[in-house]
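**Q** sequence-free structure coming up:
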């Protein structure tokens, strides 16, 4: 692996946490495209390295290991599983929202193979917070279709894919039961007015990962269980409590 590639991957890793803090609807596309142009020479160098290497598989493996190895080294320094999970959440969102989509944006075959292996290595950490492959188009399309801002931010922080079971369940609940319930449309519209700002303000905090973990445990996971048990109105109450609590804490405090 050339020094250019090593230094480029090191720089990408250093940007993972800043990337996570910059993930929001208004600026995502512009930031992503600017950073892709900045790192385009890196992806070209990676493609050239894999194409000209005496052993392409070895070259691919070496490149794919750089960022996961750095993440695993950070996790080893954390004393408890909870601290490891909090650390990992700060990096997962940057990987899923920026780094993996950048590797795939140029439709380079060797970069696609590296992503497959990189995701596999990244997830081999003993924690149940796996990331998955993502694309810029999927994420940008999600913004345009008004996806569940808080729910999606939490799930992405936990390493869940945009089409994961929990997100699909909650979206179907929103678009089905809640949209057809009395006052449901008003609740949805009110939610969209406040949720992006809540997510943006949480994202600026140093302990954003821990905050999202708490939201998951206190509100969203119970909502999932209530929907599974066909207790939709109780889910509505829990979700409403979540929005009111977060409004009070992050909008009006």
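**A** Nice, I can see it. All figures in this text were calculated on a predicted structure; none of them were measured in a lab.
**Q** Leaving out the residues flanking it, which one is nearest to residue 191?
**A** residue 243 (5.9 Å; C-beta to C-beta, 6 or more residues apart in numbering). All C-beta atoms are positioned from the backbone trio N, CA, C, and that covers glycine.
**Q** Repeat that for residue 115.
**A** residue 103 is the one closest to residue 115 (C-beta to C-beta, 6+ apart), at 4.9 Å.
**Q** What's the local residue count around residue 62?
**A** 16 (other C-beta atoms under 10 Å).
**Q** Could you do residue 70 as well?
**A** 17.
**Q** likewise residue 238?
**A** For residue 238, the tally of surrounding residues (other C-beta under 10 Å) stands at 16.
**Q** Give the full set of residues in contact with the residue nearest to residue 115.
**A** For residue 103, the contacting residues are 43, 111, 112, 114, 115, 118, by C-beta atoms under 8 Å, 6 or more residues apart in numbering.
**Q** Which of these fall within strands?
**A** Nothing among those maps onto strands, per DSSP state E.
**Q** Where does the prediction get shaky in the stretch 151-253 of the chain?
**A** Low-confidence segments of the stretch 151-253 of the chain, defined by pLDDT under 70: 175-176, 179-183, 185, 189, 192, 252-253.
**Q** go again using 80 as the cut-off
**A** 162-163, 172, 174-194, 196, 251-253 (pLDDT under 80).
**Q** what are the ranges of the helices in it?
**A** Here the stretch 151-253 of the chain has its helices, by DSSP state H, counting those that start in this stretch, at 165-173, 179-180, 184-203, 208-215, 221-228, 232-250.
**Q** right, so these: which one is the most enclosed?
**A** helix 208-215 (a mean of 20; mean count of other C-beta atoms under 10 Å).
**Q** Distance from the chain centre to it, please.
**A** From the chain centre to the centre of helix 208-215 is a distance of 13 Å (C-alpha atoms, centre = their mean, to the nearest Å).
**Q** Could you do stretch 104-115 as well?
**A** Counting by C-alpha atoms, centre = their mean, stretch 104-115 comes out at 19 Å from the chain centroid.
**Q** Check stretch 62-78 too.
**A** Counting by C-alpha atoms, centre = their mean, stretch 62-78 comes out at 18 Å from the chain centroid.
**Q** Would you mark the buried spots in that stretch?
**A** Of the residues in stretch 62-78, 62, 63, 64, 65, 66, 67, 68, 70, 71, 72, 75 count as buried by neighbour count, 16 or more other C-beta atoms under 10 Å.
**Q** Was I right to think the fourth one contacts residue 122?
**A** No - the pair residue 65 / residue 122 is not scored as a contact, 9.9 Å apart, by C-beta atoms under 8 Å.
**Q** returning to that earlier point: want to try JSON lines for the contacts of residue 103, with distance to residue 133 as columns?
**A** Output for the contacts of residue 103, formatted as JSON lines (distance: C-beta to C-beta, whole Å):
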{"residue": "43", "distance to residue 133": "16"}
{"residue": "111", "distance to residue 133": "12"}
{"residue": "112", "distance to residue 133": "9"}
{"residue": "114", "distance to residue 133": "11"}
{"residue": "115", "distance to residue 133": "6"}
{"residue": "118", "distance to residue 133": "10"}
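**Q** Would you mark the buried spots in the biggest helix by length in the chain?
**A** For the chain, the longest helix by residue count, based on DSSP state H, is helix 28-52. Residues of helix 28-52 classed as buried: 28, 31-32, 35-36, 39, 42-43, 45-47, 49-50 (neighbour count, 16+ other C-beta under 10 Å).
**Q** Show me which of those residues is closest to residue 168.
**A** residue 28 (21.4 Å; C-beta to C-beta).
**Q** residue contacts, residue 5?
**A** 42, 45, 46, 49, 63.
**Q** In contact with the residue nearest to residue 191, which residues?
**A** Residues counted as contacts of residue 243 (C-beta under 8 Å, 6+ apart) are 150, 191, 194, 195.
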